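Peer 1: fold the following, please.
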Amino acid sequence: MNPRATVFLGLGSNLEQPLVQLSRALREIHEIPNTALVRVSSFYDTVPIGLAEQPNFVNAVAELQTTLNPSELLSHLIEIEAAHQRVRTVRDGPRTLDLDILLFDNISMNEPMLTIPHPRMHERAFVLWPLAEIAPELAIPGRGYVLELLVALDVSGVRKYEERAR
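Peer 2: Next up, the predicted model:
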């Protein structure tokens, strides 16, 4: 059996009731075999990056413990996205659900289907703000500490929800 790895996931949605999409996805992530959902950030309302003509996103970050390897976990996440009718047509476009592996222990990998650490996470307030909420002392390999990276970003397009859907 593989040792338990600590994983941080980014979650996002801006279609088909995004608060409900993320809440449902978290329940489904909790059901992934050999994986435990440890902590989940608050939900955040965020302005889109790239394609601006689309609804705002709801984003969050979750911490997991798993004995799965990165490819196995990714397969489960892709299945969950598919169950939410995720369609990949436009880069940075609208979506029902986006699940990204941000960090997977201290693993660094760059493969066609998966890059760890996530290549743009250090540039995105909608990732760093919820990540700072649940793991403020966390270091992103090759980039720095979450809080240090966050203070360098414009966070004006990120707003914390007071409550989240059940």
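Peer 1: helices along this protein, start to end?
Peer 2: Per DSSP state H, the chain carries helices over the ranges 18-30, 70-83, 125-134, 146-151.
Peer 1: hang on, residue 76 packs against residue 32?
Peer 2: Yes - using CB atoms under 8 Å, residue 76 is in contact with residue 32, at 4.7 Å. For every residue, glycine as well, the C-beta is placed using N, CA and C.
Peer 1: shared neighbours of these two, anything?
Peer 2: residue 68 (CB atoms under 8 Å, 6 or more residues apart in numbering).
Peer 1: ok, residue 132 touching residue 146?
Peer 2: Yes - with contact defined as CB under 8 Å, residue 132 counts as touching residue 146 (4.9 Å).
Peer 1: neighbour count: the two, which is higher?
Peer 2: A count of neighbours by other CB atoms under 10 Å puts residue 146 above the other of residue 132 and residue 146, at 25 against 20.
Peer 1: ok, the more buried one touching residue 128?
Peer 2: Yes - using CB under 8 Å, residue 146 makes contact with residue 128 at a distance of 5.7 Å.
Peer 1: low-confidence stretches in this structure?
Peer 2: 1, 163-166 (pLDDT under 70).
Peer 1: how about the strands in it?
Peer 2: Applying DSSP state E to the chain gives strands spanning 5-13, 35-40, 44-46, 57-66, 98-104, 109-111, 114-116, 139-140, 144-145, 158-160.
Peer 1: who does the fourth one pair up with?
Peer 2: Spelled out, it's strand 57-66. Strand 57-66 has the following sheet partners, assigned by DSSP bridges: strand 5-13 (antiparallel), strand 35-40 (antiparallel), strand 44-46 (antiparallel).
Peer 1: and the last one, by the same measure?
Peer 2: Paired strands of strand 158-160, with direction, are strand 44-46 (antiparallel) (DSSP bridges).
Peer 1: show me what counts as buried in stretch 24-31.
Peer 2: Neighbour counts over stretch 24-31 (16 or more other CB atoms under 10 Å) mark 24-26, 28-29 as buried.
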